[in-house]
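> Sequence first, then the predicted structure:
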Amino acid sequence: MSTCCPMRSAAARRESSPRSNSRISSRWPARIPPSWGCRSPTGCPESSRSKRSDAAWCHRSQRGTSRVFLAEAELRPHRSQDWLTAKIEDPVQHAEDVARVCDLYAQAATLEGEGTHVMSSDEKTGIQALQRAAPTLPMQSGQHERREFEYIRHGTLCLIANFQVATGKVHASTIGPTRSEEDFARHIEQTVATDEMAGWVFVVDNLTTHCSESLVRWVAKHEGLDGDLGEKGRFGILKDVASRRAFLVEETHRVRFVYTPKHCSWLNQIECWFSILVRRALKRGSFSSKEALATRIRDFIDYFNRLLAKPFRWTYSGRPLSV
């Protein structure tokens, strides 16, 4: 007995299906049947089924074909990644600046033995004191930790920290509400006061507070320089950023600064430690006040220096980055 089945045979489906053994690119039809209104680029097969069911089949076929095509082409349209194409005005000078920072890291242990401390310094701003509206429920067997979605804001703090390259310890940190040029100059003064007879080298980025008038005046005072520093915006050492930076990098000073190149603040090792601080101490925290947040940061610094501190194994030597 013969029967008339509206469904195509398996062989017919395999023959007309876009999922064939050949590559997708070699079987990509150009004709779309206009009568059915199907959006599939592969067209719709002839069959005795209704036009509606055939259109639904073609829609499913289109989705499957798209997945196969994206997989073969290694394309992930649902993902994106930030990327900065830095415009380097002087590649030779840029390479020298990168090498200067990396060489300083390599010499940090030797300089420490000679009485010169190498510090990687920067600010971490906008650390929020957030308090969860309800207590966090700890994890249990078969159940994750549960945190309340809503929170209460209690303000923000700024952490100015020094990472001692030779020992891996965080040294003489400052926690306050702001990061003005006076705050940074005061932080450097407090850091140097912990060992006034030693030499100090601070690795910093290109933030203008790192080469401010207040910092230049304090370094000049510390070095015993009584000469005229000029006037900001007009003449002398204080005239502009370039003149102030040239004074602060002077290698004859007992306190000097080394600046990372433009777009290379990631060369500053303190950024690695800031990541550790966030992941281990701040990410899941709930702080009822700014004082509680400051206490957590200080406690973690003490804990880190006692049990976790060690120098970073710095392997970057200045080679170009590739996409």
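Good, I have the coordinates. Because the structure is predicted, anything quoted here is derived from the model rather than measured. Residues are numbered from 1 along each chain as shown.

> OK, contacts around Arg279?
Contacts for Arg279 (Cβ atoms under 8 Å, 6 or more residues apart in numbering) come out as none. (C-beta placed from N, C-alpha, C; glycine too.)

> Quick check: it is in a helix.
Yes: under DSSP: H, G, I helix; E, B strand; the rest coil, Arg279 sits within a helix.

> now it: how far from Leu307?
Counting by Cβ to Cβ, to the nearest Å, the separation of Arg279 from Leu307 is 16 Å.

> Would you double-check that Pro261 falls in a strand?
No: under three-state DSSP, Pro261 sits outside any strand and is assigned coil.

> what's it in contact with, if anything?
So Pro261 contacts His94, Asp97, Val98, Val101, Leu267 (Cβ under 8 Å, 6+ apart).

> Could you export the residues you listed as TSV, including distance to Leu159?
Shown next, in TSV, are the contacts of Pro261 (distance: Cβ to Cβ, whole Å):
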residue	distance to Leu159
His94	29
Asp97	26
Val98	26
Val101	22
Leu267	20
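
> Of these, just say which sits nearest to Cys211.
Of all these, Cys211 sits closest to Asp97, with 14.7 Å by Cβ to Cβ.

> For the closest one, which non-adjacent residue is closest in space?
Pro261 (4.2 Å; Cβ to Cβ, 6 or more residues apart in numbering).

> where does the stretch 201-323 of the chain dip in pLDDT?
Low-confidence segments of the stretch 201-323 of the chain (pLDDT under 70): 319-323.

> What segments of it are helices?
Using DSSP state H, counting those that start in this stretch, the helices of the stretch 201-323 of the chain run over 213-222, 241-248, 270-277, 290-303.

> so which of those gets nearest Ala161?
Nearest to Ala161, of the helices of the stretch 201-323 of the chain and by Cβ to Cβ, is helix 270-277 at 5.9 Å.

> Report the distance from that closest one to the chain centre.
10 Å (Cα atoms, centre = their mean, to the nearest Å).

> What residues of the host helix or strand of Ser173 count as buried?
Secondary-structure assignment from DSSP states H and E places Ser173 in strand 170-176. Buried residues in strand 170-176, counted by 16 or more other Cβ atoms under 10 Å: Val170, His171, Ala172, Ser173, Thr174, Ile175.

> cool, stretch 138-156 as well?
In stretch 138-156, counting by 16+ other Cβ under 10 Å, buried: Tyr151, His154.

> Check Ser80 and give its pLDDT.
At Ser80, the pLDDT value in this model is 88.

> can you count the residues close to it?
As a burial measure, Ser80 scores 7 neighbours (other Cβ atoms under 10 Å).

> residues contacting it?
Ser80 touches nothing, counting by Cβ under 8 Å, 6+ apart.

> measure it to Ile88 for me?
Taking Cβ to Cβ, one finds Ser80 at 24 Å from Ile88.

> go on, Pro177?
Distance from Pro177 to Ile88, by Cβ to Cβ: 36 Å.

> Equivalent analysis for Gln190, please.
The value you get for Gln190 to Ile88, if Cβ to Cβ is used, is 36 Å.

> before we move on, the earlier item: just the buried residues of strand 170-176 now: which is nearest Val203?
Closest to Val203, out of all of those and judged by Cβ to Cβ, is His171, at 13.2 Å.

> His187 is in contact with the closest one, correct?
No: using Cβ atoms under 8 Å, His171 is not in contact with His187, being 11.2 Å away.

> picking that back up, any chance of the contacts of Pro261 in CSV, plus secondary structure?
Output for those, formatted as CSV (three-state DSSP):
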residue, secondary structure
His94, helix
Asp97, helix
Val98, helix
Val101, helix
Leu267, helix
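
> partners of Gln164 in the sheet?
For Gln164, the beta-bridge assignment (DSSP bridges) gives partners Met119.

> start at 22 instead
All set: I'll call the first residue 22, so the last point we hit is now Gln185.
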